[in-house]
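> quick one: sequence and predicted model below, then my questions.
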There are 4 protein chains.
Amino acid sequence: MIGIGIFGASGYTGHELVRILSGHPQAEVRFATSETYAGATLADLYAAAPALPLISAEEAPLEGIDLAFCCLPHMASMPLVQDLHGAHVPTVDLSADFRLDSAAAYHRWYKAEHTAAELLAEAVYGLPELNRAAIQKAKLVANPGCYPTSVLLALAPVLRERLLAEPRAIVDAKSGVSGAGRNLSLTTHFVEANENFSPYTIDHTHRHISEMEQEAEKLGGERVHVTFVPHLLPVSRGILCTIYVRTAKALEAEEWVSLYRQSYADERFVQILAAGRLATLHHVVYTNRCVISLTPVEGTDTLIIVSCIDNLVKGASGQAVQNMNLMLGLDEHLGLV
Amino acid sequence: MIGIGIFGASGYTGHELVRILSGHPQAEVRFATSETYAGATLADLYAAAPALPLISAEEAPLEGIDLAFCCLPHMASMPLVQDLHGAHVPTVDLSADFRLDSAAAYHRWYKAEHTAAELLAEAVYGLPELNRAAIQKAKLVANPGCYPTSVLLALAPVLRERLLAEPRAIVDAKSGVSGAGRNLSLTTHFVEANENFSPYTIDHTHRHISEMEQEAEKLGGERVHVTFVPHLLPVSRGILCTIYVRTAKALEAEEWVSLYRQSYADERFVQILAAGRLATLHHVVYTNRCVISLTPVEGTDTLIIVSCIDNLVKGASGQAVQNMNLMLGLDEHLGLV
Amino acid sequence: MIGIGIFGASGYTGHELVRILSGHPQAEVRFATSETYAGATLADLYAAAPALPLISAEEAPLEGIDLAFCCLPHMASMPLVQDLHGAHVPTVDLSADFRLDSAAAYHRWYKAEHTAAELLAEAVYGLPELNRAAIQKAKLVANPGCYPTSVLLALAPVLRERLLAEPRAIVDAKSGVSGAGRNLSLTTHFVEANENFSPYTIDHTHRHISEMEQEAEKLGGERVHVTFVPHLLPVSRGILCTIYVRTAKALEAEEWVSLYRQSYADERFVQILAAGRLATLHHVVYTNRCVISLTPVEGTDTLIIVSCIDNLVKGASGQAVQNMNLMLGLDEHLGLV
Amino acid sequence: MIGIGIFGASGYTGHELVRILSGHPQAEVRFATSETYAGATLADLYAAAPALPLISAEEAPLEGIDLAFCCLPHMASMPLVQDLHGAHVPTVDLSADFRLDSAAAYHRWYKAEHTAAELLAEAVYGLPELNRAAIQKAKLVANPGCYPTSVLLALAPVLRERLLAEPRAIVDAKSGVSGAGRNLSLTTHFVEANENFSPYTIDHTHRHISEMEQEAEKLGGERVHVTFVPHLLPVSRGILCTIYVRTAKALEAEEWVSLYRQSYADERFVQILAAGRLATLHHVVYTNRCVISLTPVEGTDTLIIVSCIDNLVKGASGQAVQNMNLMLGLDEHLGLV
């Protein structure tokens, strides 16, 4: 069995990692850390969790593991990843700390100094369907943000084929509340979120835009402006992005479907729906899949791409396990639905 | 007291009319009809409703009322409205039958022959904030659709001021499930809608587009293409439309707010939020208000307009009562919150 | 117009008071206080609220009001109520501080010393249907807890008629999340409460038991043990209590209904459903009503009483306004649905 | 691989079986039937389902399967189970048709003649934790109802140990909406169930009472009256039963826990919570577990047992797979979480 350590296991992504790994036939969690809850077990925090002891990061026995997952907040990940790198422990970092290519970009979006900039060149952006070869060789994988995962998988085929009529995309995004984390805030209070629906940070300041625009430029060879408009959805899990782009070619729905299916041939976790079908949250929750539908708007050059994922699975912990499988040379789909 | 008759009271809009009118100081419901449930009372159908007897439309004593509301499905409204017209009963029709200006347009969108085309010229589109004078003199008011109410109030100021850079709007709309009516369907089954979020009829075939484009053209003097993309939201009530337009002028958020506030000065039911605030469902549910926020996207010509209403109140029965108040010369706000 | 002051307006009951009073034809809010949010307006805290300025309690102009509502937490109410008493301001206190008859009982249940015990004898338990005459003459009304309101209205007829076979009641109670207040806690985090259902403090320690047992004894002349088992329901509003008692008489459903209807004849806010109908949350939310259904279990001596209220209306702010109306000699139903 | 046939795959339990079996390492679905949807695939009906073709029952190739699951409505199961019996196909029937021991009892509760009474003696009640040995040898297993599973596991220890002070139990049960099936009804319309909570069939007529009382009598040696009061909960999945019994012995919480843990030693799917913890839906949804908490009410002889399951897993399809594993000599836990 492959030994796994989880740093920062008390949040939703940590809990989800434990859930997914409990069904993985070749990996087992050797330890899980939490500074706040050290001494308790994960079952004290989550009704459905096993009684996994939570220890302080200091006590974590690095020698017993083959790979580490870091589920810490941004900034807190940097020193830990440096330590793991020093100890030669392959690492999947679920924070934002190693997703951007430069310390300057990090500073621009996160308003803070990057203190582990020397590792940025080594870190690989962990979106397997777009970056598999690099992930297989990586020692440090930056697991993508939930929104960028959904958006980049949706845009990759049109970007690669240079099919945009203008370098812009409007992304009207909707996310379940677990995307906001387990920290307490009025926004995530049941009475405030229930029977409500609300946009937030729609003024081009959401930090996930940095990832989307960075990776979109690599895919398409030119800078793309993403008008990103997230909304909070009164469900626990799931992201649905409705994406509007103007395309250089006027294709029929069936042609778009066929182009996307070719682009994602052999990808088990990306599903392109037949023309006329529309992606929904129920296609993806509790799975590692990204489900995409394509609808050209007749009489215009607009293509509507709907892209859905489970923010905690393909948008976080499932994709992290997919990256782990690749880094360790295992079957990429092990433990994932 | 003003006597009111409600035709088709068993659906959500009929029930909501009864609820709103029960708080109206000068109107009282004299009868309510339902073909399916004639003989029962509204309390048999709705837990919170009064024991209002439901009678067959045939038995309805037209002579006892000063105004009729028709809450029948489209096509079913036509003969009834003809009868009411013949009997000189002022009528607010909540169906789609008298919203379009021509029988040809009706045929194009509803795929059916209009059988009361002679009344189309007389029918007034009942959006009071845009059409008050005509409503005050009307005998037949076509109550607007829920989505068009939200979208037209959001677009009117930019249309009137000729501020669109191109004659297009993208409307990413989200509606609570009551918008789909009380008829049974898998779409509205609790387990199918709960913890889900799904787009529908996004291929420019949703019938509300016809109203939006017709009225937008009147406001702006040119044909506007509306890319309308509705989604089903797992809440009971409320519509939030996120609208993307390209504008000819680059204004600051505060300038947009001030332009809109001028445009809606003295309108009690339209609220323009201060710059930086964003409209949400909680602003509007159980009220007759339309709440709008304005966010220009820096570095682009895009303006994001978020517009919220309660689909059953300002999107249907509340607006119907507002129209009734105008038609009967009452204070427009009576009975409305 | 009657002038009203609200102390502690930033919580759910304060906000609900403002909402209800905005529709009251003879009362108007002269000031609203909040220590935490002094300087802001209520609209900064609640999307649908008016821009009512929040001031510190110290600045509150007592001379401008005819009645005060206190919506402070227990213990915090005591000194304020003493001040209001000293200033001869009629007061409805929504906290638990003046509900119990003795400082000893308060100490037993709230584990704290009562610091305004001299006012306990004067305070009237504000359940109008059971205590109207005393409320009309009171200067200080202790507004009942939400659960006790629902349970006492359900039990009063059997208690008064001495119909219990044994002095016990099992109350299986379910409450929406607003009952837990607006303070942040993991319990009220959307992801923890959504798609969940959970019992809490079921070991006879819930403080509302003290009120129920105290008032039940007054009604029935003997001590009644209430096995009170509350659960958190994933809805925003509403309480449904399923109550099991053993009765000394075996009556048919219709007889129970008729006994209860006699008991509550002329009570506009208590509705006894016909035999065979069952009370639900949809009967009561957003109303000041208590709806009760009665089901004897054939072949046993068990009577099942289902009692529903809106915890924020009849369970708090609506009942507080009902008490205000009585104290000020107004029509009891003014401003209430 | 073991070949499986599913009859009646279009409902929630059929879909759930497909979901669970897709993760079973030794079983594969060879065919799935649906009369209504023959010709379509399961993916046409459920967003997350695989494209499993649905065929008519007539075309089902019985020779290719080692075991059949019947997910038909009651009455419809009888002739099919007769056919499967004739063809010597081991069968797990998820309907109610073979749960009662006699045709007379069936007639009493289901108001219909049993047409396959000759198989009743052979059918084994499929609650593995109570009936494992018989299931292992059975050719026909009647999969228990969801409520009875939850209630019988909760009561078995006190029944077996003869610890009831009187032969009665009050079961205040709450179920998610999937328990009502996928058929359309006003009860399951989103707007009617959402933000609502409602009791139903509480007058001792719910058919699951027959199973509970029948099996409780076998466990405890005397007839037990179950006052069963189900409520509809606005969640998709999960059952929580709050059970009130009077016990002959006054034990401390810890003693009850220890008694129950002994009773369920080695049962992987039954979890008894430590004293002070309370069972919730989040303990069990998407798992095959039954989680139970025990709270004696101080000063009384009442024990409160809270018992939770996922109605679609341990309450239906998960338990069916557990039964399949036992019948086929596989590890009982295969494919189950």
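Arrived safely. Numbers count the residues shown, from 1 in each chain, chains lettered A, B, ... in the order given.

> where in the stretch 101-250 of chain A is pLDDT low?
The model of the stretch 101-250 of chain A has no residue with pLDDT under 70.

> so which bits of chain A are right by chain D?
A:22-23, A:46-48, A:195, A:280, A:282-287, A:337 (C-beta under 8 Å from any C-beta of the partner chain). Bear in mind the C-beta positions are built from the backbone N, C-alpha and C, glycine included.

> hmm, 7 Å instead?
Residues of chain A that fall close to chain D, judged by C-beta under 7 Å from any C-beta of the partner chain: A:47-48, A:195, A:280, A:282-283, A:287.

> closest to chain C out of those residues?
Relative to chain C, the closest of the residues of chain A next to chain D is residue A:195; by C-beta to the nearest C-beta it sits at 6.0 Å.

> mind telling me what element that closest one is part of?
Using DSSP states H and E, residue A:195 falls within no helix or strand.

> touching, it and residue C:235? I think so.
No - Residue A:195 lies out of contact with residue C:235 (C-beta atoms under 7 Å); the separation is 8.7 Å.

> overlap in contacts of the two?
Contact criterion C-beta atoms under 7 Å, 6 or more residues apart in numbering or on different chains; residues shared by residue A:195 and residue C:235: residue D:195.

> just to revisit the earlier point, a markdown table please, covering the residues of chain A next to chain D and showing neighbour count.
Listed next are these as a markdown table, based on neighbours: other C-beta atoms under 10 Å in any protein chain shown:
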| residue | neighbour count |
| --- | --- |
| A:47 | 21 |
| A:48 | 20 |
| A:195 | 23 |
| A:280 | 25 |
| A:282 | 21 |
| A:283 | 29 |
| A:287 | 18 |
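
> near chain C, from these?
Residues of these in contact with chain C (C-beta under 7 Å from any C-beta): residue A:195.

> right, and out of the residues of chain A next to chain D, which lies closest to residue B:148?
Nearest to residue B:148 out of the residues of chain A next to chain D is residue A:195 (C-beta to C-beta; 23.4 Å).

> pull the contacting residues for the residue located most distally from the centre of chain A.
Distance to the chain centre peaks in chain A at residue A:299, reaching 34.7 Å (criterion: C-alpha atoms, centre = their mean). Applying C-beta under 7 Å, 6+ apart to residue A:299 gives no contacts.

> distance of it relative to residue B:326?
Distance of residue A:299 to residue B:326, given as C-beta to C-beta, to the nearest Å: 37 Å.

> kindly report the same for residue A:110.
53 Å.

> need the residues of chain A next to chain D in CSV (columns: distance to residue D:30 and secondary structure).
Listed next are those as CSV, based on distance: C-beta to C-beta, whole Å; DSSP: H, G, I helix; E, B strand; the rest coil:
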residue, distance to residue D:30, secondary structure
A:47, 37, coil
A:48, 32, coil
A:195, 45, coil
A:280, 29, coil
A:282, 26, helix
A:283, 25, helix
A:287, 24, coil
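
> dump the residues of chain A next to chain D to TSV, plus distance to residue C:117.
Formatted as TSV, these follow (distance: C-beta to C-beta, whole Å):
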residue	distance to residue C:117
A:47	42
A:48	47
A:195	42
A:280	60
A:282	58
A:283	62
A:287	61
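
> which of the residues of chain A next to chain D has the weakest pLDDT?
Minimum pLDDT for the residues of chain A next to chain D is recorded at residue A:48 (93).

> not counting its neighbours along the chain, what's nearest residue A:157?
Nearest residue to residue A:157 in three dimensions, chain neighbours excluded: residue A:263, at 4.0 Å (C-beta to C-beta, 6 or more residues apart in numbering or on different chains).

> let me redo that: residue A:195
Closest to residue A:195 by C-beta to C-beta, 6+ apart is residue B:235, at 4.8 Å.

> wait, a helix at that neighbour?
No - using DSSP: H, G, I helix; E, B strand; the rest coil, the assignment for residue B:235 is coil, not a helix.

> what's the burial count for residue A:190?
A count of neighbours around residue A:190, defined by other C-beta atoms under 10 Å in any protein chain shown, yields 26.

> then residue A:252?
11.

> check the gap between it and residue A:277 for me.
Counting by C-beta to C-beta - residue A:252 and residue A:277 are separated by 15 Å.

> with just CA atoms, put the helix or strand hosting residue A:68 into CSV.
Residue A:68 is part of strand A:67-70, with elements assigned from DSSP H and E. What follows is strand A:67-70, C-alpha atoms only, in CSV (Å, rounded to 0.1, in the frame of the first residue of the first chain):
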residue,chain,number,x,y,z
LEU,A,67,3.0,11.4,-1.1
ALA,A,68,1.6,14.4,0.8
PHE,A,69,-1.6,16.4,0.2
CYS,A,70,-1.6,20.0,1.5
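
> can you name the next helix or strand after it?
helix A:77-86.

> what's that following helix packed up against?
strand A:67-70, strand A:91-93 (3 or more C-beta pairs under 7 Å, 6 or more residues apart in numbering or on different chains; DSSP states H and E).

> residue D:211 is nearest to which of the ones you listed?
strand A:67-70 (45.4 Å).

> nearest to residue B:215 among the residues of chain A next to chain D?
For the residues of chain A next to chain D, with residue B:215 as the reference and C-beta to C-beta as the criterion, the closest is residue A:195, at 29.6 Å.

> show me the contacts for that closest one.
With C-beta under 7 Å, 6+ apart, residue A:195 has these contacts: A:234, B:235-236, C:236, D:195.

> tell me the spacing between the residue of the stretch 1-150 of chain A found nearest chain D and residue D:289.
Proximity of the stretch 1-150 of chain A to chain D (C-beta to the nearest C-beta) peaks at residue A:47, 4.0 Å away. Going from residue A:47 to residue D:289 by C-beta to C-beta gives 11 Å.

> next: residue A:223.
Taken as C-beta to C-beta, the span from residue A:223 to residue D:289 is 51 Å.

> so for the two, which residue has more residues nearby?
Using other C-beta under 10 Å, the more surrounded residue of residue A:223 and residue D:289 is residue D:289, with 23 against 10.

> surely that one meets residue D:269?
Yes - applying C-beta under 7 Å, one finds residue D:289 in contact with residue D:269, separated by 5.2 Å.

> residue A:333: what's it in contact with?
So residue A:333 contacts residue A:268 (C-beta under 7 Å, 6+ apart).

> now swap in residue A:73 and tell me
residue A:95.

> and residue A:170, helix, strand or coil?
Per three-state DSSP, residue A:170 ends up strand.

> correction: residue A:295
strand.

> pull up the per-residue confidence for the closest residue to residue A:142 other than its chain neighbours.
Leaving aside its sequence neighbours, residue A:142 sits nearest to residue A:98 (C-beta to C-beta, 6+ apart; 3.8 Å). On pLDDT, residue A:98 comes in at 98.

> how near is residue A:45 to chain B?
Taking C-beta to the nearest C-beta, to the nearest Å as the measure, residue A:45 falls 22 Å from chain B.

> hang on, that residue packs against residue A:38?
No - Residue A:45 is beyond contact range of residue A:38, at 11.9 Å (criterion: C-beta under 7 Å).

> look at those two and report which has more neighbours.
Legend: neighbour count by other C-beta under 10 Å for residue A:45 and residue A:38, higher for residue A:45 (20 against 15).

> how about the residue lying closest to the more buried one once chain neighbours are set aside, secondary structure?
The shortest distance from residue A:45 to any residue other than its chain neighbours is 5.7 Å, reached at residue A:10 (C-beta to C-beta, 6+ apart). Of the three states, residue A:10 takes coil under three-state DSSP.
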